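[1] Predicted model and sequence follow; I will ask about them next.
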Amino acid sequence: MSGPACGLAALLAGAPPPPAPAAEESVETEHFAVSWPAGDDLSAAAGDAAEALEAAWTALVDEGGWPPPPGMDAGPQPVRLDPELDGTGLTWMDEVDGVERPVIALDPAWDAHPDFFAELAAHEFVHALQYGLRDPGAAVGAIDEETWCWEASAEWGAAGALDAGAVVAEQSAAYAERPEARYTELDGGHAYGMFLLHAWIEEAVGGPEALRDLWLLAAGRPDSAWDAILAEQHGVSAGALWAGFSAAYGNRQLADNALYAIPASEAAVPDGAAGSLAYLGTRYYDVDVAEARIAPEGAVIVSGLAGAAGEGETLLARGGTRVAVTGLDPDGADYVLHVERRVRRPGDPEDRSAGNGLCAATAPARGPLAWALAWLVAARRRRLQRPRRG
Ligand SMILES: [Zn+2]
């Protein structure tokens, strides 16, 4: 099963929305009016879509505290089943009976795959909610700077709304194939796979309402890009946030890790390992010795299970784990890793020089260490059990 080919990115880049059908049949539920071209036998698909959409409404609006989509005073949310749709689904702002509001379109052919069709409907409904909080046309910078978070958020929002974690998990492969790409990457479904960032934030840093709160915060930050909004929400730099996510994901620490594709890594972390990384892109290295002290040179942050280190600091990483190197420069960054590799032999005395044996960076808390501290504090104040997905 391929992932959703939601047409949002193309739409925001200037593609026209699909035309309204001339004549339609429809079914109405409490919050949705699902219509389809007259003469097509799509009542079953309409019923399935409405059921999924009402479930998403209950979870996200009634229980989750998301503001309803704009235009609800004028009647139920319009949803069109469009067999001619280019892509699996699409949501756009349109004038309906004189009211500017979101319109959701779904390709009913996907009703043959019920779990995916339900998740698709919920994904598009999240877009309808997003339009009430943010105008993508007013986004700063390149449109992909804005779009990636719409898609990543729609995937994670749908996962939580419908307990559709297993369906959404398939998107992890699109990120795992290219974690080194810039975080705004749209090609290849990368942005859908970025739901993983939201999953980690919810589990480790922000709690179960973090996604909604991100969008509520973003509503008041129309001139800010997502890296800055995420940093503001969690009180750390975007680089530190990504470093924490990357270390946890690469080391299989996410709650649903068994469902997720895991990114490829370099098989070893040799002294002098070098490369270049896009902004908030990540490359992984396996610690193939008993332990490695890693001092990065360049605008990157290196993170592992127990901490992180930027330029001028050293991370101690244990064998059998992975370290993540994440780019911090918006224009891309070259880096070199200075690595002291220790192969512990039988009979070696235990080396106590690394303090607690977790992180050798012992400078006062600042920069990346502030992140490590924030991470620990957040873990302590974790309020609720993580919801089981899938
Ligand atoms: Zn989408």
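    Okay, I see it.
[2] how about the residues of the stretch 151-300 of the chain near the ion?
    The stretch 151-300 of the chain comes close to the ion at residues 151, 154, as judged by CB under 5 Å from the ion. C-beta coordinates here come from the backbone N, C-alpha and C atoms, glycine included.
[3] Contacts only, for the closest residue to the ion within the chain.
    Closest approach of the chain to the ion (CB to the ion) occurs at Cys6, with a separation of 2.7 Å. For Cys6, the contact set (CB atoms under 8 Å, 6 or more residues apart in numbering) comprises 87-91, 120, 123-124, 127, 151, 154.
[4] Of those, which belong to strands?
    Judged by DSSP state E, strands contain the following of those: 89-91.
[5] separation between Pro263 and Glu209?
    Pro263 sits 28 Å away from Glu209, taking CB to CB, to the nearest Å as the criterion.
[6] Pull the number of nearby residues for Leu216.
    Counted with other CB atoms under 10 Å, the neighbours of Leu216 add up to 15.
[7] Now it: phi and psi?
    phi -70, psi -40 (degrees, to the nearest 10).
[8] On the pLDDT front, check it for me.
    Each residue has a pLDDT score; the one for Leu216 is 98.
[9] who are the neighbours in contact with the residue most central in space within the chain?
    Note on the chain: the residue nearest the mean C-alpha position is Phe195, at 2.5 Å, using CA atoms, centre = their mean. Residues touching Phe195, when contacts are defined by CB under 8 Å, 6+ apart, comprise 152-153, 155-156, 159, 168, 171-172.
[10] wait, doesn't Val103 sit right on Asp82?
    No. Here Val103 does not reach Asp82: they are 10.3 Å apart, not a contact under CB atoms under 8 Å.
[11] Which of the three states applies to Tyr284?
    strand (DSSP: H, G, I helix; E, B strand; the rest coil).
[12] Quick check: bridge partners of it?
    Here Tyr284 sits in beta bridges with Ala324, going by DSSP bridges.
[13] Renumber starting at 104 from here on
    Taking 104 as the first residue, the last one we looked at is Tyr387.
[14] From what I see, it and Gly353 are in contact.
    Yes. At 4.9 Å, Tyr387 and Gly353 qualify as touching, with contact defined as CB under 8 Å.
[15] ok, now which ones touch the closest residue to Met175 other than its chain neighbours?
    With sequence-adjacent residues excluded and distances taken as CB to CB, 6 or more residues apart in numbering, Met175 is closest to His134, at 7.4 Å. By CB under 8 Å, 6+ apart, the contact set of His134 is 156-157, 160, 171, 175, 179-180.
[16] Give me the below-cutoff pLDDT ranges for the stretch 304-453 of the chain.
    Scanning the stretch 304-453 of the chain with the threshold set as pLDDT under 70 gives 448-453.
[17] In a markdown table: the contacts of Cys109, plus distance to Gly430, pLDDT and neighbour count.
    Formatted as a markdown table, the contacts of Cys109 follow (distance: CB to CB, whole Å; pLDDT from 0 to 100; neighbours: other CB atoms under 10 Å):
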| residue | distance to Gly430 | pLDDT | neighbour count |
| --- | --- | --- | --- |
| Gly190 | 31 | 89 | 19 |
| Thr191 | 32 | 94 | 21 |
| Gly192 | 32 | 95 | 27 |
| Leu193 | 32 | 95 | 25 |
| Thr194 | 32 | 96 | 29 |
| Leu223 | 33 | 97 | 28 |
| His226 | 29 | 97 | 34 |
| Glu227 | 32 | 98 | 29 |
| His230 | 29 | 97 | 24 |
| Glu254 | 21 | 96 | 26 |
| Ala257 | 26 | 97 | 30 |
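[18] now the helices: where do they sit in the stretch 154-303 of the chain?
    In the stretch 154-303 of the chain, the helices defined using DSSP state H, counting those that start in this stretch lie at 217-234, 246-265, 268-272, 275-279, 293-296, 298-303.
[19] er, the stretch 354-493 of the chain I mean
    Defined through DSSP H, counting those that start in this stretch, the helices belonging to the stretch 354-493 of the chain, from first to last, are 471-483.
[20] where does the stretch 104-253 of the chain come near the ion, residue by residue?
    Residues of the stretch 104-253 of the chain lying close to the ion (CB under 5 Å from the ion) are 109, 111.
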